[in-house]
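Novice: Structure for the following, please:
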Amino acid sequence: MPTVTINGTSVAVTQGTLLLKAVQNAGIHIPTLCHHDALAPYGACRLCMVLITAPRRALVASCTYPVEEDLAVETHAPEAVQARRLALEALLARCPGSDAIRKMAEKEGVTASRFSLLSHEHSDELCVLCGLCVRICRDLIGAAAIAFVGRGSERKVGTPFDLHTEACIGCETCVDICLMDVLAPNPEEGMPPVVAYPDECWFCGSCVDMCPQEEQGAGLKER
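Specialist: Numbering: from 1, shown residues only. Now for the predicted structure:
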């Protein structure tokens, strides 16, 4: 069982444990958006950056870094704090109206952003591109109904060509895992991810294909 040093305190952890989990188990809070225990490490949001001081010196995303013997880590070293604040500034620039991001930023001492990433018409953006919805749909559900679309400031989560897709099985797992409530039912704003909400039929055809009664399935198809 490896022993790691976190902020000067020795902690015994299970082999293969991710550094983020070791830090959390030690009672130390560092922010994270893209990590989920049910999904493979991703390291996209860069909010969980920490500084390794031994056996080598490196700034790493703790959610993707497995612990090793004699590892020494400083979670609040100036380099780590600066990296997390920089990531939060970028998130504030992308989602200036997000209360969740603003509160997270304030806890890290960030109250404003030096960046301007989105045009005025996207000032109400809430999606932080954490990838949780995309990954859980693809990796756990196996549907791959949604994916990242576009590049740079135009990057978003959507379906192929922003069309309703039959790949969506209506499980709403993407809705449940979304931290920003971006995928909550909102027909008026026409969110690209296709979810078969109970109060709105997207005519994906899944219910027809699964219906054991041929006549009833035909009736649904006619609608």
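Novice: contacts and neighbour counts: CA atoms only from here.
Specialist: Will do.
Novice: just checking, what's the longest strand in this structure?
Specialist: The longest strand of the chain (DSSP state E) is strand 49-54.
Novice: just how off-centre is that strand within its chain?
Specialist: 23 Å (CA atoms, centre = their mean, to the nearest Å).
Novice: SS state for residue 129?
Specialist: Three-state secondary structure (criterion: DSSP: H, G, I helix; E, B strand; the rest coil) places residue 129 in coil.
Novice: quick one: contacts for it?
Specialist: Contact criterion CA atoms under 8 Å, 6 or more residues apart in numbering gives 156, 157 as the residues in contact with residue 129.
Novice: Give me the pLDDT for the residue sitting nearest the centre point of the chain.
Specialist: The geometric centre of the chain, computed from its C-alpha atoms, lies nearest to residue 130 (CA atoms, centre = their mean), at 2.8 Å. We have a pLDDT of 96 for residue 130.
Novice: do you know how far it is from residue 62?
Specialist: Residue 130 sits 16 Å away from residue 62 when distances are taken as CA to CA, to the nearest Å.
Novice: same thing with residue 126?
Specialist: For residue 126, the distance to residue 62 (CA to CA) stands at 25 Å.
Novice: So for those two, which residue has more residues nearby?
Specialist: Just comparing residue 126 and residue 62: by other CA atoms under 10 Å the higher neighbour count belongs to residue 62, 27 against 22.
Novice: For that one, list the residues it contacts.
Specialist: By CA under 8 Å, 6+ apart, the contact list for residue 62 reads 18, 19, 20, 48, 49, 50.
Novice: The last one reaches residue 82, doesn't it?
Specialist: No: between residue 50 and residue 82 there is no contact, the gap being 10.1 Å when judged by CA atoms under 8 Å.
Novice: Between these two, which has more neighbouring residues?
Specialist: Between residue 50 and residue 82, counting by other CA under 10 Å, residue 50 is the more crowded of the two (28 against 14).
Novice: ok, that one - contacts?
Specialist: By CA under 8 Å, 6+ apart, residue 50 lies in contact with 59, 60, 61, 62, 73, 74, 75, 76, 77, 80, 81.
Novice: Next step: those residues restricted to helices.
Specialist: For the contacts of residue 50, the ones inside helices are 80, 81, with DSSP state H as the criterion.
Novice: Among the contacts of residue 50, which ones are in strands?
Specialist: In strands, defined here by DSSP E, the members of those are 59, 60, 61, 73, 74.
Novice: Now rank those residues by neighbours and give me the top one.
Specialist: residue 73 (26 neighbours).
Novice: Run through the bridge partners of the residue lying closest to that one once chain neighbours are set aside.
Specialist: With CA to CA, 6 or more residues apart in numbering as the measure, residue 52 is the residue that lies nearest to residue 73, at 4.5 Å, once sequence neighbours are left out. Per DSSP bridges, the residues bridged to residue 52 are residue 58, residue 73.
Novice: ok, residue 52 - contacts?
Specialist: For residue 52, the contacting residues are 58, 59, 60, 71, 72, 73, 74, by CA under 8 Å, 6+ apart.
Novice: before we move on, what about residue 148?
Specialist: Taking CA under 8 Å, 6+ apart as the criterion, residue 148 is in contact with 134, 155, 156, 157, 158.
Novice: My guess is the fourth one contacts residue 146. True?
Specialist: In other words, residue 157. Yes: taking contacts as CA under 8 Å, residue 157 lies within contact range of residue 146: 6.7 Å.
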